[in-house]
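**Student:** Here is my input, please return the structure:
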Amino acid sequence: RIMYANAGAVRARDITQIIRDTYDISCYPVSPFDKMNAALTSEKEILHYKRMFLLSLIFFVPSMLFGMIFMWIDSISMVMMQRIIRGIRINDLIMFALATPVQFWTGWHFHVGAYQALKHRSVTMDTLISLGTWAAYLFSVATLVVMLVNPMFASEVFFEASISLITFINMGRFLEAFAKKSTSSAIRKLVELRASTCSLVNMTDNTEELIDAALVQKNDVLRVRPGEKVPTDGIVVQGDTSVDESMITGESLPVSKSVGDNVIGGTVNHSGMILMRAEFIGQETALAQIIQLVQNAQTSKPPIQKLADKVSSVFVPVVMCLSLATFVIWIALTAPAHPAVVLPGNVANCTMEMHSAVSCEVSPVFFSIQIAISVLVIACPCAMGLAVPTAIMVGSGNGARHGVLIKGAAVFEKARNITAVLFDKTGTLTFG
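**Tutor:** Coordinates of the predicted model:
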């Protein structure tokens, strides 16, 4: 622990110097630019979603073959529908084997997200995804158990629905993470504009020291040679030069600078050597504010997304209620005592089993659960909840790469009403 008599007068360079002198180790303060860079979408996140999507795809492709395509080929379907363990068919076991790793492995992060939301007494898209996939998977497992106990029972299984839903949502998460990475590269390029080191001048004895740019303090005098980047925002105190400010202003020609002129951190010194006094450092610099502006635009919510969030918060419980209501209505219509709708039997299963003398029984309860699960599964993917943030990320990132800085997400909505664009300088788009 280091104690200071006047903590307000101690700055980052003083602290690092004391640590170096005392412990003989190298240390550097964390730059605000490093914090901004660390906040961007990491490669680890992208690789995670990519791996989950590809693993899901490995199980998805054969599930589509066995669950749908092969059922249209008579020679294959006859084999797949053979009962091998009492009432359980070959196709059912194959689908169970394909769905189980997807449900418990590649889709596990959805269940964790749903559990976290439940702990906070809220519902999210993960809640609906988890509920829909668990309903489809557990219903199918229950169907296999009943088939095992009662070979006369026949019902469809929904293993392929669980596999398909998790695969497509994993694909959406991967594309969203990849879009964030692509747009975050624009911010990384802005971060790379800053100088990593600079020359600190001691005006008392006219000595010079090379220091990390993160250690620059207000009122420091810095020497900037031709070809070097200006370390921070400040004022020229000695010398004349020209500076390339195109990354800030878009001006293609270098701007002349002399004593008393302002210089911007991250711009490139062209022709002469100058001494400058640091006026703004860290997050106070123009470059840091531009980076923060782009980040705010990518993470802020426009009015349409706020509406989407409100809809999503109501959408999930509404879908759950509709699914429950569907079950109640169908169980009432197909009640064995006085059915309003008479189930003709499981036609799909019976026609495929004409070679067998086993008759098919259809339970009104299982049939009603099938319809209720269909409501849950079909309603799971919410395009608006995924499309709006991805569109904002991509739009703001593409704009930053082309030098167009967007102050906030609401600008995207207002831009559709723009009828004219005004430019205030010659040389950026025109010549003359």
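**Student:** List the residues that contact the nearest residue to residue 232 once chain neighbours are set aside.
**Tutor:** With C-beta to C-beta, 6 or more residues apart in numbering as the criterion, residue 232 has its nearest non-adjacent residue at 4.2 Å, and that residue is residue 265. Yep, even glycine has a C-beta here, placed from its N, CA and C like the rest. Shown in contact with residue 265 (C-beta atoms under 8 Å, 6 or more residues apart in numbering): 194-195, 229-234, 280, 285-287.
**Student:** Which ones among these map onto strands?
**Tutor:** 233-234, 280 (DSSP state E).
**Student:** Just among the residues you listed, which is most surrounded?
**Tutor:** residue 234 (27 neighbours; other C-beta atoms under 10 Å).
**Student:** Which element is encountered next along the chain beyond the helix or strand of the chain with the lowest mean pLDDT?
**Tutor:** Of all helical and strand segments in the chain, the minimum by mean pLDDT, DSSP states H and E falls on helix 347-352, at a mean of 41. Sequence-wise, the next helix or strand downstream of helix 347-352 (DSSP states H and E) is helix 364-379.
**Student:** Give me the lowest-pLDDT entry from the contacts of residue 265.
**Tutor:** Least confident of the contacts of residue 265 in the model: residue 194, at 79.
**Student:** That residue and residue 399: what is the separation?
**Tutor:** 21 Å (C-beta to C-beta, to the nearest Å).
**Student:** Of the two, which one has the most company?
**Tutor:** Higher neighbour count among residue 194 and residue 399: residue 194, with 21 against 18, using other C-beta under 10 Å.
**Student:** pretty sure residue 160 is touching residue 95, no?
**Tutor:** Yes - between residue 160 and residue 95 there is a contact under C-beta atoms under 8 Å: 6.3 Å.
**Student:** quick one: which of these two has more around it?
**Tutor:** Between residue 160 and residue 95, residue 95 has the larger neighbour count (other C-beta under 10 Å), namely 24 against 19.
**Student:** For that one, give me the pLDDT.
**Tutor:** 90.
**Student:** Who are the contact partners of it?
**Tutor:** Each residue near residue 95 by C-beta under 8 Å, 6+ apart is listed here: 63, 66-67, 140, 157, 159-160.
**Student:** Output those residues as TSV; include the columns pLDDT, distance to residue 56 and secondary structure.
**Tutor:** TSV is the format used below for the contacts of residue 95 (pLDDT from 0 to 100; distance: C-beta to C-beta, whole Å; DSSP: H, G, I helix; E, B strand; the rest coil):
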residue	pLDDT	distance to residue 56	secondary structure
63	89	10	helix
66	85	16	helix
67	79	15	helix
140	88	17	helix
157	82	19	coil
159	87	13	helix
160	85	12	helix
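**Student:** which of those residues sit farthest apart?
**Tutor:** 66 and 140 (13.6 Å; C-beta to C-beta).
**Student:** thinking again about what came up before, tell me the SS of the residue nearest to residue 232?
**Tutor:** Three-state call for residue 265 (DSSP: H, G, I helix; E, B strand; the rest coil): coil.
**Student:** quick one, phi psi at it?
**Tutor:** phi -60, psi 140 (degrees, to the nearest 10).
**Student:** quick one: it from residue 141, how far?
**Tutor:** Applying C-beta to C-beta, the value for residue 265 to residue 141 is 62 Å.
**Student:** just to revisit the earlier point, residue 221: which of the contacts of residue 265 is nearest?
**Tutor:** Once C-beta to C-beta is applied, the member of the contacts of residue 265 that ends up nearest residue 221 is residue 234, at 9.1 Å.
**Student:** ok, now which ones touch the closest one?
**Tutor:** Residue 234 makes contacts with 222, 262-263, 265, 276-280, as judged by C-beta under 8 Å, 6+ apart.
**Student:** how much space between it and residue 222?
**Tutor:** Between residue 234 and residue 222 the computed distance is 7 Å (C-beta to C-beta).
**Student:** Quickly list what's touching both of the two.
**Tutor:** By C-beta under 8 Å, 6+ apart, residue 234 and residue 222 have these common neighbours: 276-278.
**Student:** No further queries at this time; thank you.
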